[in-house]
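In: I would like to see how this sequence folds:
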Amino acid sequence: MSHLKIAPLALVAALCVGSAAAPALAQSFPDRPLTVVVPFPPGGASDSTARLLLPKMQEKLGQPVVVDNRPGANGATGAQHVKNSPADGYTLLVGSIGVYAINPALNPKLGYAPGKDFDLLTVAVRTPNVLVANPNFPANTVQELVAYLKKNPDKVTFASSGAGSSDHLTAALFWQQTGTTGIHVPYKGGGPAIADLIAGHSDVSFQNLGAVASHIKAGKLKVLGVTAAARNPVLPDVPTMKEAGVDGLDVYSWQAAAAPKGLPPEVSKKVVDAFAAALADPAVKEKFNGLGFEVVANTPEQFAAFQKAEEERWRQVVSDGKIASQ
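Out: Prediction:
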């Protein structure tokens with residue numbers, strides 16, 4: 001009988017210890033360095049976004065925050081790594097529209113579902129794509145590019161940061177809207193795509209303004225148009241795609257932060273507050289604006305609703321264009 005009485009008491013005691021341990025761990029968070037997984041190589045928009053945020057996040061959290069670049073499968077490799085990491089706040093994800101909205105719209109066998117497998121923390125920034133070309137490419141305007149494509153079908157190479165990325169689908173939309181074709185050349189991230197474009201190994205590309213603004217200003221790339229509803233203050237002389245005669249190409253690429261599903265509320269608040277503090281810092285905002293990024297910094301609830309709407313939007317684009325994952 002004594003054993004029957006002691007066992008439940010021991011179980012209750014163990015449960016009490018366990019339930020008390022979780023809040024204690026959350027209250028002590030963070031007590032060691034954090035890792036931000038960027039699912040692309042260095043040099044692209046996601047990588048730039050993460051690295052601009054890290055110094056202020058470190059100040060807010062009181063611990064080092066390091067970037068871990070894990071490229072592959074248009075960000076899916078790194079995203080799956082984060083999905084499978086402990087939900088303790090020490091492993092975070094900073095990725096693009098491709099990771100959160102286009103991958104699930106494009107690939108029915110994707111190994112993660114953003115709304116189900118992540119705590120969506122905030123959309124950090126957004127930027128339009130810009131149509132850029134190697135300086136030696138013959139066309140200097142959107143109209144000249146359309147004419148060149150029609151005379152040279154399936155000969156012009158369009159570099160992208162990966163199959164199914166926003167720049168890939170923007171190119172596909174461009175071909176559909178203009179009745180042209182091109183050769184899609186996917187890379188393992190924006191950095192390698194931009195490098196090959198500058199080197200002349202690819203002809204043109206729709207890249208994030210934030211990732212190519214410095215190259216445009218340095219004369220390493222020439223810009224033909226911007227995929228925004230209005231001209232961008234970073235490139236005030238560059239026409240929108242609509243001004244250049246191409247409708248339906250208002251496309252923004254965005255970068256956002258997430259964590260494995262199930263963060264303790266106290267941990268989630270500290271992480272969200274760290275991102276918010278970094279994004280609200282005037283010096284950080286100035287750097288983002290200088291690269292063509294607009295700070296968004298929305299709430300987890302707003303991000304969740306936005307992600308759902310964006311996934312539905314791109315699912316329709318993929319369906320209409322009969323675009324298959326590669």
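In: end to end, how far does stretch 276-288 reach?
Out: Start-to-end span of stretch 276-288 (C-alpha to C-alpha, to the nearest Å) is 14 Å.
In: Any figure for the gap between the closest residue in space to residue 248 that isn't next to it in sequence and residue 183?
Out: Distances taken as C-beta to C-beta, 6 or more residues apart in numbering put residue 177 closest to residue 248, at 5.2 Å, once the chain neighbours are dropped. In this view, the C-beta of every residue, glycine as well, is placed from N, C-alpha and C. Residue 177 is 18 Å from residue 183, where distance means C-beta to C-beta, to the nearest Å.
In: ok so, going back, show me what the helix or strand harbouring the residue nearest to residue 248 is packed against.
Out: Per DSSP states H and E: residue 177 is located in helix 166-178. Where contact means 3 or more C-beta pairs under 8 Å, 6 or more residues apart in numbering; DSSP states H and E, helix 166-178 is packed against strand 118-133, helix 142-151, strand 157-160, strand 183-186, strand 204-208, helix 300-321.
In: contacting residues around that helix?
Out: Identification of contacts with helix 166-178 by C-beta atoms under 8 Å, 6 or more residues apart in numbering yields 96-98, 102, 129, 131, 146, 149, 158-162, 180-182, 184, 186, 190, 193, 205-208, 227, 241, 246-249, 251, 253, 314, 317-318, 320-321, 323.
In: got the domain boundaries for this protein?
Out: 33-126+253-321, 128-226 (automatic domain parsing).
In: mind putting those in TSV, mean pLDDT, mean neighbour count and distance to residue 27 included?
Out: Formatted as TSV, the domains of the chain follow (pLDDT from 0 to 100; neighbours: other C-beta atoms under 10 Å; distance: least, C-beta to C-beta, whole Å):
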stretch	mean pLDDT	mean neighbour count	distance to residue 27
domain 33-126+253-321	94	20	6
domain 128-226	94	21	37
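In: Output these as TSV; include the columns distance to residue 232.
Out: TSV is the format used below for these (distance: least, C-beta to C-beta, whole Å):
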stretch	distance to residue 232
domain 33-126+253-321	6
domain 128-226	5
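In: Among those, which comes closest to residue 233?
Out: With C-beta to C-beta, the closest approach to residue 233 among these belongs to domain 33-126+253-321: 7.9 Å.
In: what's the span of the closest one, first residue to last?
Out: So domain 33-126+253-321: terminal residues 44 Å apart, C-alpha to C-alpha.
In: I'd say residue 306 and residue 298 touch.
Out: Yes: if you go by C-beta atoms under 8 Å, residue 306 and residue 298 touch, sitting 7.0 Å apart.
In: what touches both of those two?
Out: With C-beta under 8 Å, 6+ apart, residue 306 and residue 298 have common neighbours residue 123.
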